[in-house]
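Asks: Model the following, please.
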Amino acid sequence: MSVIRWVLYALFAYLGYRVGVWLEASGLVNISPLGSLTSLNRLYLGVVGLLVGFLLVPRLAFWVERRWEATQAWLRRLPPEIPVAITAASGLGLLLAVLLTNLLNQIPGFSAIHSLIIAAVLVASLSAFAIANRDYFRLARPPAPTTKTRGGKVLDTSVLIDGRIADVVEMGFLEGPLFVPRQVLRELQQFADASDAQKRAKGRRGLDTLERLKLSVGLEVLDGSESDDPVDDQILAEARRLGSALVTNDHALAQLSRIYGVKTLSIQALASALRAPLQQGDALSITIVKEGKEPGQGVGYLEDGTMVVVDDALPFKGKEVEVVITQSIQTQVGRLLFGKLQGDASRSPHKTDR
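Replies: Numbering: from 1, shown residues only. I've put the predicted structure just below:
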């Protein structure tokens, strides 16, 4: 039981006792002596006050503790020089109030109310002056403890789901040490246990990638402090703390990491750099898998995931066609190719040669 509750219980018992004293002094109840110290009425009412305390104290103690914690949190958010300035100003104001009270007590009519008013005015005015000049109360802050940078690479969820990092590491193009924050493991586990089949497949692919990395080059799980911040922010904080590079395929996270000065590596960017360039006029074979945004357009994908939009290819959905590249556009998420059907593929799929 906390000290606050004991104090409140004693206060309620004392209030009940004082009510008994007031009732006896007012003549509302008769005095029932109990020895030479007190009376039965005061004892009974003291017990009544204690019983009332049993009902109210838990709620009052909870409220007082919450208010105290909220006050402490508010003080911690303040710049340290403000509490110092207010404390110094209040102490000086109260000392001046003591001196003035001793001097003014000689004046007829001077009372405690006047002393309280003087103290309040002095404390308020000096505190306001101290806050306005709080820079003079700024304490010398101890140097922040330096964290030894460990280097290496921190892996995020997107690059593990992609899976290609395991091949890159096994071929020696990416050296360790490799780190995985515990938040990433939890996110992969949530994906692997999801009811949606697509999310479940992503989660299991990410866990399989982790297992391959663990067996090939070793992997360390970071048990950093967790918070309510988004997972991406926590991963970025871990990379900054360790002085590590961040390996990700998330374009937004890569931009944010560069703003914070964290080195970023992207498997998607590496694949784009190593991809054989396709120029206007090059021919290739792709399978039309879905409809494009414009009427009649068909969409297919290269092996590396590059999307190819083909004019007048919707009738060939589900079939492999020959395509001539007509335009190549570089976007934030990768390259986008446009093309047209080549040769006999431009004929209707319902027509046959004679």
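
Asks: Just the element for residue 336, please.
Replies: Using DSSP states H and E, residue 336 maps to strand 334-341.

Asks: Which positions within that strand qualify as buried?
Replies: Neighbour counts using 16 or more other C-beta atoms under 10 Å place 334-335, 337-339, 341 of strand 334-341 among the buried residues. The C-beta positions use only the backbone N, C-alpha and C, and glycine is treated the same way.

Asks: so what secondary structure elements neighbour that strand?
Replies: helix 267-274, strand 307-311, strand 320-331 (3 or more C-beta pairs under 8 Å, 6 or more residues apart in numbering; DSSP states H and E).

Asks: re earlier: show me which of the buried residues of strand 334-341 is closest to residue 256.
Replies: Distances from the buried residues of strand 334-341 to residue 256 were compared by C-beta to C-beta; the smallest belongs to residue 334, at 19.0 Å.

Asks: Who are the packing partners of the one helix or strand residue 235 maps to?
Replies: Counting by DSSP H and E, the element that carries residue 235 is helix 231-242. Helix 231-242 sits against strand 153-155, strand 178-181, helix 182-192, strand 245-247, helix 251-259, with contacts defined as 3+ C-beta pairs under 8 Å, 6+ apart.

Asks: and the fourth one, how far from the chain's centre?
Replies: With C-alpha atoms, centre = their mean, to the nearest Å as the basis, strand 245-247 stands 20 Å off its chain's centre.

Asks: thinking again about what came up before, which one of the helices and strands packed on strand 334-341 lies closest to residue 88?
Replies: With C-beta to C-beta as the yardstick, what comes closest out of the helices and strands packed on strand 334-341 is helix 267-274 (56.6 Å).

Asks: Sort out which residues of the next helix or strand after the closest one are buried, please.
Replies: Remark: after helix 267-274, the chain's next helix or strand is strand 283-287, criterion DSSP H and E. Neighbour counts over strand 283-287 (16+ other C-beta under 10 Å) mark 284, 286 as buried.

Asks: For strand 283-287, what is the distance to the chain centroid?
Replies: The answer for strand 283-287 is 46 Å, by C-alpha atoms, centre = their mean.

Asks: Next: stretch 311-330.
Replies: With C-alpha atoms, centre = their mean, you get 45 Å for stretch 311-330.

Asks: and if you look at stretch 305-321?
Replies: 44 Å.

Asks: tell me the mean pLDDT over that stretch?
Replies: The average pLDDT within stretch 305-321 is 87.

Asks: mind listing what's buried in that stretch?
Replies: 306-311, 313-314, 316, 321.

Asks: now do stretch 49-60
Replies: 49-50, 53, 57, 60.

Asks: Filter those residues down to just the ones in strands.
Replies: Judged by DSSP state E, strands contain none of the buried residues of stretch 49-60.

Asks: excluding its backbone neighbours, what's nearest residue 176?
Replies: Among residues not flanking residue 176 along the chain, residue 217 sits closest, at 4.9 Å (C-beta to C-beta, 6 or more residues apart in numbering).

Asks: Is the residue nearest the centre of the chain in a helix, a strand, or coil?
Replies: The centroid of the chain falls nearest to residue 229 when counting by C-alpha atoms, centre = their mean (1.6 Å). Assigned with DSSP: H, G, I helix; E, B strand; the rest coil, residue 229 falls in the coil class.

Asks: before we move on, what about residue 28?
Replies: Relying on three-state DSSP, one would call residue 28 coil.
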